[in-house]
Each structure stands twice: as C-alpha cells, then as structure tokens.
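S.K.: Kindly generate the corresponding structure for this input.
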Amino acid sequence: MKNVRAIWMIVISLLLGLAAVVVAGKWVVDRASVDASKVITASRDIDVGTSLTPDMLQSTDWPRASMPPGSFEDAKLLASRVVKINLVRGEPLMESKLAPEGAMGGLSGVITEGKRAITVKVNEVIGLAGLALPGNNVDILVNAKDESDKPISKIVLERILVLAVGQDLGRDETKPKAVTAVTLEVTPEEAEKLDLARSIGTLSLVLRNQIDKSPGTTDGVRTKDLLRLSVETGTAPAYRGKPAAPKPTIEIIRGIQKTETILAPKEIR
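M.R.: Numbers count the residues shown, from 1 in each chain. The predicted structure is shown next:
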C-alpha cells in the first residue's frame, strides 16, 4: 500500500513539473515575441560598392531593446542603395553603412562626400606595391630635387585612405596582390599635391597603423643629412683618405727578451 502511494506521489510530481515547464516556456515565447521587432539584415556576404537587390536582404527578428541605430524594417527602402563597407551574412543594414541615396554602384559610391579618388600607377610607387590593401591608411613620400637642385626625400601627404588595389574594392583580404594601380581617397587640395609630386619625383607609400593619428611632418632628408648621420652614429668612417704607411722598426733580442724600436729617419739607409 505504501509503495502504491509513493508511486502516485512521484507521478503527480512529474506531472506538476512538466506543467511548470510548459507554462514557463510559453511565457518566454510570448515575452520574446512582444519585445522583438523586425530588422533587415544581409542574407549573404556583400562586397563594398555593391548595389543592393531584394535577394541580398532578409527580415530577421531582433530584440527591440537593442535595435541598431539607423536600421531598416522595410526592405523596399533599401532598393538600389549602395553599401560602402563589406557586410557579412546576418549583419543588419544601417544608414551609416550605405552611400547617400542616388549614389551609383562601384567606386564612385564609396567616395566620401567632399573627397576625390585618384589612381597612382604601381610602377610609380615604390615600397608597398602589392602590400597595401583597401581600407589601409598610408603616408606618401616623394623623392625629388629641392630648389638647390639637391636630392630630398619628404612626406607630402599623411593618413591617405586606400580605396582600391587594382580593380578590387574588397577590404577583407589579407594576402598581397600583384596589381597595376592603387586608388587613393584625397581632398581636392591633396589631389593637386599628389599630381605635382608624381610629376617631379618618385613616389613611395608608407603603411601606417590604422589608429595612429600622430603627425609625421618633417623637414625632409637630404644627402648631406644622411652622410652626417652616418658619421655621428659610427656607421661610416669620418676620414676616407689613404691609409698611413707602416713605420720602419728594428727587432732587438737580448736573451729571452725581445723588443721593437722604431727607426729614426736618419737611421734608415
């Protein structure tokens, strides 16, 4: 009799536990459905400069309390908009990730308002050809001649954004590529400086840290500066004349002692 009663107690406990689980699960689902909203996300990886089409977009449930600022709930609002950064599958579409309305796809759609794109041939660029990737920041050096017709190397532009390497706008690549040109984003004034610099000398790209905003303004380096630096650091001898001839000596041995004596000029015959 006691065993039957114990069995019934176990069965009733299991039923009550199952009912509690069902009720709790229903409450969680109802709560989530109340606090969730719809957000348009990428249905696949999307490259920078791409014009959006309906098959690239999907509607996804998103917690209302953490809605991304500038996100969209209606995919129709994104028709033909151009993305200005790479998007990964599931990433929400936001106004800050899109080019202005009316922008065309391709490179022109990702140029920042008020700036320009200028292309430099790789055979005019020494140093980082093939190593700089879209999205990197670079400084630009010019090796030319100054007013005194003396060679000088100087940084002429700083923190210049690389828009494209060859015809590739993708910013998620990590391997260097052999390319024919590098496209840079510059202001109109910087475009003028770069055009003049490449007409009077040889250009070099200097890769810099993405978050480094420290200025690199210098007076430039000339040949005499390099030679002076070599002497000061001991990497080059200060005197480059003919080596001194060895002085004539005579060796004198007394017992087990040996000495050397330098002969005076009058002793040399």
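
S.K.: Strands along the protein, start to end?
M.R.: With DSSP state E as the criterion, the chain has strands at 36-42, 57-63, 116-121, 125-126, 137-145, 151-165, 181-186, 202-208, 221-222, 249-254, 257-262.

S.K.: most packed of those?
M.R.: Comparing these by mean neighbour count (mean count of other C-beta atoms under 10 Å), strand 181-186 ranks first with a mean of 21. Placement of C-beta: from N, CA and C, glycine included.

S.K.: For it, what is the distance to the chain centroid?
M.R.: Between the centre of strand 181-186 and the centre of its chain there are 14 Å (C-alpha atoms, centre = their mean, to the nearest Å).

S.K.: residues making contact with it?
M.R.: Among residues not part of strand 181-186, those counted as contacts by C-beta atoms under 8 Å, 6 or more residues apart in numbering are 107, 111-112, 115-122, 125, 129, 132, 138, 157, 160-166, 194, 205.

S.K.: I'd like the strands of the chain as CSV, with distance to Leu93 appended.
M.R.: What follows is those, written out as CSV (distance: least, C-beta to C-beta, whole Å):
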stretch, distance to Leu93
strand 36-42, 5
strand 57-63, 7
strand 116-121, 24
strand 125-126, 35
strand 137-145, 26
strand 151-165, 22
strand 181-186, 23
strand 202-208, 31
strand 221-222, 48
strand 249-254, 89
strand 257-262, 90
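
S.K.: Any idea which of the ones you listed gets closest to Lys84?
M.R.: When the strands of the chain are compared for distance to Lys84 using C-beta to C-beta, the nearest one is strand 151-165, at 10.4 Å.

S.K.: helices or strands up against the closest one?
M.R.: Strand 151-165 is packed against strand 137-145, strand 181-186, helix 188-200, strand 221-222, with contacts defined by 3 or more C-beta pairs under 8 Å, 6 or more residues apart in numbering; DSSP states H and E.

S.K.: I'd like these laid out as TSV, including distance to Ser71 and mean pLDDT.
M.R.: Output for the helices and strands packed on strand 151-165, formatted as TSV (distance: least, C-beta to C-beta, whole Å; pLDDT from 0 to 100):
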stretch	distance to Ser71	mean pLDDT
strand 137-145	28	89
strand 181-186	26	90
helix 188-200	34	93
strand 221-222	50	85
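
S.K.: Turn those into JSON lines, columns for distance to Leu18.
M.R.: Output for the helices and strands packed on strand 151-165, formatted as JSON lines (distance: least, C-beta to C-beta, whole Å):
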{"stretch": "strand 137-145", "distance to Leu18": "60"}
{"stretch": "strand 181-186", "distance to Leu18": "63"}
{"stretch": "helix 188-200", "distance to Leu18": "71"}
{"stretch": "strand 221-222", "distance to Leu18": "80"}
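
S.K.: closest to Ile211 out of the ones you listed?
M.R.: Sorting the helices and strands packed on strand 151-165 by C-beta to C-beta, the top spot, which is the nearest, belongs to strand 137-145 at 9.2 Å.

S.K.: closest to Asp212 out of the helices and strands packed on strand 151-165?
M.R.: Comparison of the helices and strands packed on strand 151-165 against Asp212 by C-beta to C-beta identifies strand 137-145 as nearest, at 8.1 Å.

S.K.: Tell me which other helices or strands the closest one touches.
M.R.: The contact analysis (3+ C-beta pairs under 8 Å, 6+ apart) places strand 137-145 against strand 151-165, helix 188-200, strand 202-208.

S.K.: so the second one versus strand 202-208, what angle?
M.R.: Note on geometry: by axes from the mean of the first three to the mean of the last three C-alpha atoms, to 10 degrees, helix 188-200 and strand 202-208 are set 130 degrees apart in direction.

S.K.: next one: the first one
M.R.: On the basis of the same axes, to 10 degrees, strand 151-165 is oriented at 60 degrees to strand 202-208.

S.K.: Averaged pLDDT, strand 151-165. What do you get?
M.R.: For strand 151-165, the mean pLDDT works out to 89.

S.K.: mind giving me the domain ranges of this protein?
M.R.: With the TED database serving as the domain definition, the record reports that the chain contains domains spanning 36-108, 116-227.

S.K.: I'd like these laid out as JSON lines, including distance to Leu16.
M.R.: Converted to JSON lines, the domains of the chain look like this (distance: least, C-beta to C-beta, whole Å):
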{"stretch": "domain 36-108", "distance to Leu16": "30"}
{"stretch": "domain 116-227", "distance to Leu16": "54"}
